[in-house]
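J.: Predicted structure and sequence below. I'll ask about it afterward.
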Amino acid sequence: MSSSDIQRPALFGGLASSILLAAYFVILTLVSGWAFALEQFSGFWYFIVPLTLGFGIQVGLFVRLRDLVGAARRSGVMVATSGTTSTAAMISCCAHYLANAAPVLGATGLVAFAAQFQTELFWVGLLFNAAGVVFVGTKLMKATREHAQCTS
């Protein structure tokens, strides 16, 4: 495996992690301001950093898999599901501050649920993240073995 085989997936994985983290800060800043976003990050960084890194790893693995075997639809669905779950878990930490606008949106119950189960939602996000890494990683290992057999 050459360094170019690793560079492209690593670039996409890093970009995906950066975009997810940027979305976290943008949404929290729009909801409650920059100081609040920084406060929440400092209070929950030990959940947020692994969520963003795990998502980036999944994207990197998926890019490598796609490069190796072409379109990999099922793996892409898993990456999308895990990314959505990670984002939802990260955003849940500020959901209770949406309570002021929630009656207008008709979402008071959802906001209360997210605020009450904030830590649990982080754990669910991490679980989906780990499952996504294992799923895509397994597919990549299988494709790598098959590719090696075809080229030898």
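T.: The structure has been received and is ready for your questions. Residues are numbered from 1 along each chain as shown.
J.: pLDDT averaged over the strand or helix carrying residue 142, what's the number?
T.: Using DSSP states H and E, residue 142 falls within helix 118-151. On average, the pLDDT along helix 118-151 is 83.
J.: So which elements touch it?
T.: Packing contacts for helix 118-151, counted by 3 or more CB pairs under 8 Å, 6 or more residues apart in numbering; DSSP states H and E, involve helix 34-69, helix 73-91. Backbone N, C-alpha and C define where each C-beta goes, glycine included.
J.: That helix relative to helix 34-69, how many degrees between them?
T.: Here the directions of helix 118-151 and helix 34-69 differ by 20 degrees (axes from the mean of the first three to the mean of the last three CA atoms, to 10 degrees).
J.: Please identify the buried residues of helix 118-151?
T.: Buried positions in helix 118-151, judged by neighbour count with 16 or more other CB atoms under 10 Å: 118, 121-122, 124-126, 128-129, 131-133, 135-137, 139-140, 143.
J.: Low-confidence ranges, this protein, go.
T.: Along the chain, the model assigns pLDDT under 70 to residues 1-2, 70-115, 152.
J.: buried set for stretch 23-36?
T.: Using 16+ other CB under 10 Å as the test for burial, stretch 23-36 gives 24, 25, 28, 31.
J.: swap in stretch 39-57?
T.: Of all the residues in stretch 39-57, those buried under the rule 16+ other CB under 10 Å are 40-41, 44, 47-48, 50-57.
J.: which residues touch the closest residue in space to residue 13 that isn't next to it in sequence?
T.: Nearest residue to residue 13, sequence neighbours excluded (CB to CB, 6 or more residues apart in numbering): residue 60, at 2.9 Å. Residue 60 makes contact with 9, 10, 12, 13, 14, 16 under the criterion CB atoms under 8 Å, 6 or more residues apart in numbering.
J.: Go through those and name the one nearest residue 69.
T.: In terms of CB to CB, no member of the contacts of residue 60 lies closer to residue 69 than residue 9, at 13.4 Å.
J.: What separation do you get for the closest one and residue 52?
T.: Per CB to CB, to the nearest Å, residue 9 is found 16 Å from residue 52.
J.: what does residue 66 give?
T.: 21 Å.
J.: same question, residue 26
T.: For residue 26, the distance to residue 52 - CB to CB - is 14 Å.
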